[in-house]
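Trainee: take a look and give me a structure for this.
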Amino acid sequence: MKIDKLVIYGFGKHENRTIELGQQMILFDGPNEAGKTTIQQFIIQVLFGFPARNQIQLRYEPKSGGKYGGQLYLTDPQYGKLVIERIKGKSAGDVTITFEDGRRGGEAELKQVLRNYDRASFEAIFSFSVHELQGLDQLSETELSRTLLASGTTGIDALTHLESQLEKQMGELFKKSGRKPLVNALAEELREMEKELKDYRQRAELYSPSIERLQVIAHRLQAIEDEEMTKDQELKEITKWQQAAPLFAEKLTLTSQLDKLEIDQFPAEGRRQMDRLVDQVTQTKAEMEYVTNQLNRLANPEKADSMELIENLLNRESDWHQLNVQLVQKQNEAIELTEERDELLALLGLTEQQAMNVDVSLNQEEQLAERLKELDLEDENQRFTQRSLQEEKNNLARAEQDLANFLAQEPTEKERLAAEEWPRISSQLAEAKAALNFQNGSAAQDRLVTFALIGVGLLVAIYGFFQATILLIVIGLATLGTGLWLFAKTAKSDELPANYAELLERYNGKEQEYETILKKVAEFDLQLDALMNNVEKSKKNVANYSSIKSNSEAETAYQQLLLEIGLSSTVRRTMAMELFEKLRKVHASSSRLLRIKDEIEQLKAQQNEWLAKAQKACGKDIAIEGLIASLRSELSVRKQKQEHWNKVKSEQNSLQEKYDQLRALQKQLEKDQQTLLTYAHAEEVFDFYRLADQWEKKQEMKRALQLTQAQLQSIGNVEGRPNWELEDAQRAIEQIQSALNQLKVERNELLKEQADKQQLTQMLVSDTSYEEKLQQFEEAKARFVDLAKQWSVNKAIVEAINQTMNELKEKKLPAVLTNAQRYFSKLTNGAYQKLSMNQTGFFEAKRQDGTYFPIAELSQATKEQAYLALRLSLAVSMKQSHPFPFIMDDAFVHFDRSRLQQMINLVKELQEEHQFIYFTCHEDMQQAWPSAQIIHLANTERSVHS
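Mentor: Residues are numbered from 1 along each chain as shown. Okay, the predicted model is just below:
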């Protein structure tokens, strides 16, 4: 079931509002008093009715007196799209439900749509807040089972209500230690009447012997009944033996025949496997003979000369062409380098020897560049130092002015003292508020328990006094004393400590004022430290820049380096690097020219080596100009010869490979045959088939034996009678029937005598008062029997209901607990692995290290996660019968970030099948649920923003 839209006519602070709920996860966000709980109650009350005016729940009637109620638009998997409208009318309101096909209905149809759920059952599973997740340590197995059954089984609500009514009626009829219930009072009355009748009987001397004889007759009738039951049971046993005797004989015969068969084992489907193997062996031998004839037909051809050297050379044809191209390129490059070097020497005005004497190493270039950089840096540093010094002086003046202006806003001494004391006072104030809340919440409940103990103690003591039972008197006085002691203790505990009262009177309601003072002092101290640090930093910078002195060492180092390189010290700094670069090019050209001449010699040697390899591969002389063409011609001739040889060899190899495969298959088939023969303990195939016949016969006899044993089991346990025959059983049956007939005759005679004696006793009682008293006694006794029957019937019905509840619990509770354990383990990141019931029927959790903890010993958040896992598991188990949405009011506020994320992941998993509506005042829940539909509720305006 999914809620698609809310239309609020008037409900609490919301009037004339429409809220679209289009997703499976909806998050209502807003500050306190924004109307989140009002919307939650609107959904529940439209579904289940407005509460009566004398109930605890609020009705949320609009303060302005407008129209009361609204509409819910739903989508149900069974009923389709629905519109439920509830407005002011009778106590619960007038409801109208409109179906997708246009039909309309009222409360009866709505109850069907809600699967006969009431508000309490819905809130027990699908609607809850953080306060309702804190009772798992008090939840027993019985309470969980009843919640499970009442929520998920058709008709259980009616059964539970019937059980409560019957238990109430049983309490009105009879209580074990009561006096007011009808059966207890009537039993007391019967005891008094019986005493009076006994006095009348003692006066009738002739009455006593008859009464004694009636008692003897009653005892004998009871004995006859017991003996008849014994005989009937014996007759049944003999009849069972008659039925089982032929089966025992057949079982003995089959067992004897099975023992005579010597075969103990045989392969499964052995006959079929052996047939298949015999056929395959015959076929394989025929194919091997054909392949052998084909191999003998082929002759060995002549093998061609090796082509490897020729193919290697042709594969490197591009290398041969590249070698020739490189040789031409190197010769041309040598000519170009010679011309370039001569041009540079002419430009520099130096001979080759002079240019080569100049040191143009990278180290000298780096030193020259470093000296030039130092000259530029020396000039720039002097300019930068002057600018920085002036800038820091300006910064120092501004920092001192800012510090002076800020000191004028310093907090007063009274504010600073209040800020220092507030952290200690705030913790004490919180303790005082907690003590006041605890005292107000528990006082009423303690007084109720105290008065109940005093009342119960007085009643038990008075009843024990009238019954003259010392144990009841002692228990009553002990209970009374406990109640008085609790009353005195409660009276003392109602007073709040003086220091708590003083704190509440002085500081309650002023927390925000003191928090503001504390924040103001802290911010002032923090900003003051920052301003003073700025002043000190500016002073240090001014002193540092003032101490810097200029120098001219870079110029001297530059001139000295030029002389070391071999250049004139008068070379200008702008031309130095360009001159150095041209000298390096001269050096590079000379070195490159030497390397190229060496490479030309190497390429010529490689060309001669190629020619020698080609002549060796072809076995004849070859001209260097047509080397590649000669190699290709020779390779073509040799390939044709090799292809013929390969074709013949390939056919031979294929036939040989097929022969080897057939030979291996024959060996494997013969091995499989031998495996079957060995398993069946047979020497040859003929013996194997003979044993197969025996094995099939043995299996048929085993099946017959199993059928006989099944028939014996259906008869049940039969007393062994090893020496009996069927005729003996028939004789025993006749003897028992004869004995039963004799007992029947004796019983009839005793009943006749009993009637005579009863008539005699009535005649002996001539006193009319005795007759009247006896009549009153019988009437009272009849009433007692009727009441006892009524109580017994109610008791039987209650026991049947409890048995039904237990059976349903055994079927449904394990599945719910299994899912709950999985959810609980996921919510706790695997810290807890199991939820189970202990021996006392309450929940306990198993930690990852195997330690068990009662739920009461867990942290508040972990208890809530356990209860939440149970609720979610219960709802998932009821998805088909009760597909309702979840409505949660800040149920995750105690979760840390990790477990909150696990909870969100679990909800994302479940929201595919269930709609979740979550109300919160915490803004960080929006970031935790980015995919949810966020609906913001304003606090200051009477509106809804989405």
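Trainee: in the helix or strand where Asp525 lies, what counts as buried?
Mentor: Element membership of Asp525, judged by DSSP states H and E, is helix 511-546. Under the neighbour-count criterion of 16 or more other C-beta atoms under 10 Å, helix 511-546 has 514, 517-518, 521, 524, 531, 534, 538, 541-542, 545 buried. For glycine as for every other residue, the C-beta is placed from the backbone atoms N, C-alpha and C.
Trainee: just how off-centre is it within its chain?
Mentor: In this view, helix 511-546 has its centroid 52 Å away from the chain centroid, taken as C-alpha atoms, centre = their mean, to the nearest Å.
Trainee: returning to what we had before: check the buried residues of helix 511-546 and tell me the two furthest apart.
Mentor: Farthest-apart pair in the buried residues of helix 511-546 is Tyr514 and Tyr545; separation 48.0 Å (C-beta to C-beta).
Trainee: picking that back up, for the buried residues of helix 511-546, which one is nearest Lys198?
Mentor: Out of the buried residues of helix 511-546, the member with the shortest distance to Lys198 (by C-beta to C-beta) is Tyr514, at 86.9 Å.
Trainee: wait, what's in contact with the closest one?
Mentor: Going by C-beta atoms under 8 Å, 6 or more residues apart in numbering, Tyr514 touches 418-419, 422, 425-426, 507.
Trainee: repeat that for 7 Å
Mentor: Residues near Tyr514 by C-beta atoms under 7 Å, 6 or more residues apart in numbering: 418, 422.
Trainee: helix, strand, or coil at Phe853?
Mentor: In three-state terms, and counting by DSSP: H, G, I helix; E, B strand; the rest coil, Phe853 is strand.
Trainee: any idea of the pLDDT on Leu110?
Mentor: Listed pLDDT for Leu110 reads 90.
Trainee: I should have written Tyr207 there, sorry.
Mentor: 67.
Trainee: just the one 10 residues further on next, same as before
Mentor: At Ile217, the model reports a pLDDT of 86.
Trainee: looking at this, it is in a helix?
Mentor: Yes - according to three-state DSSP, Ile217 belongs to a helix.
Trainee: the closest residue to it other than its chain neighbours: what secondary structure?
Mentor: Setting aside the residues directly before and after it, Ile217 is nearest to Gln754 in space (C-beta to C-beta, 6 or more residues apart in numbering), at 4.7 Å. Look at Gln754: counting by three-state DSSP, its state is helix.
Trainee: right, and Gln754 touches Val216 too?
Mentor: No - between Gln754 and Val216 there is no contact under C-beta atoms under 7 Å: 9.9 Å.
Trainee: residues near the residue nearest to Ile217, how many?
Mentor: Neighbourhood size, Gln754 [other C-beta atoms under 10 Å]: 17.
Trainee: so where's the stretch 801-946 of the chain uncertain?
Mentor: Filtered on pLDDT under 70, the stretch 801-946 of the chain yields the residue ranges 801-812, 840-841, 939-946.
Trainee: now do 90
Mentor: 801-884, 886, 888-915, 918, 920-933, 936-946 (pLDDT under 90).
Trainee: and the strands in it?
Mentor: With strands called from DSSP state E, counting those that start in this stretch, the stretch 801-946 of the chain shows them at 832-837, 843-847, 852-854, 886-889, 916-920, 933-937, 944-945.
Trainee: got the domain ranges for the protein?
Mentor: 207-263+705-764, 392-546 (automatic domain parsing).
Trainee: save those domains as JSON lines, and put in distance to Tyr823 too.
Mentor: Putting the domains of the chain into JSON lines (distance: least, C-beta to C-beta, whole Å) gives the following:
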{"stretch": "domain 207-263+705-764", "distance to Tyr823": "45"}
{"stretch": "domain 392-546", "distance to Tyr823": "31"}
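Trainee: contacts for stretch 654-667 next, please.
Mentor: The contact list for stretch 654-667 (C-beta under 7 Å, 6+ apart) reads 281, 284-285, 287-288, 291-292, 294-295.
Trainee: between those residues, which is nearest Arg638?
Mentor: Distance ranking of those against Arg638, using C-beta to C-beta, places Leu295 first at 27.8 Å.
Trainee: the closest one: how many residues sit nearby?
Mentor: 13.
Trainee: and the spatially closest residue to it that is not a sequence neighbour, how close does it get to Gln661?
Mentor: Computed as C-beta to C-beta, 6+ apart, the closest residue to Leu295 that is not its neighbour in sequence is Leu655, at 5.1 Å. Separation of Leu655 from Gln661 (C-beta to C-beta, to the nearest Å): 11 Å.
Trainee: which of those two has more neighbours?
Mentor: Ranked by neighbour count (other C-beta under 10 Å), Leu655 and Gln661 place Leu655 first, with 19 against 14.
Trainee: past the helix or strand where the more buried one lies, which element shows up next along the chain?
Mentor: Using DSSP H and E, Leu655 sits within helix 627-679. Reading on from helix 627-679 to the C-terminus, the next helix or strand found by DSSP H and E is helix 685-715.
Trainee: that following helix versus helix 627-679: what angle between them?
Mentor: Here helix 685-715 runs at an angle of 60 degrees relative to helix 627-679 (axes from the mean of the first three to the mean of the last three C-alpha atoms, to 10 degrees).
Trainee: chain center to helix 685-715, what's the gap?
Mentor: Distance, centroid of helix 685-715 to centroid of chain: 51 Å (C-alpha atoms, centre = their mean).
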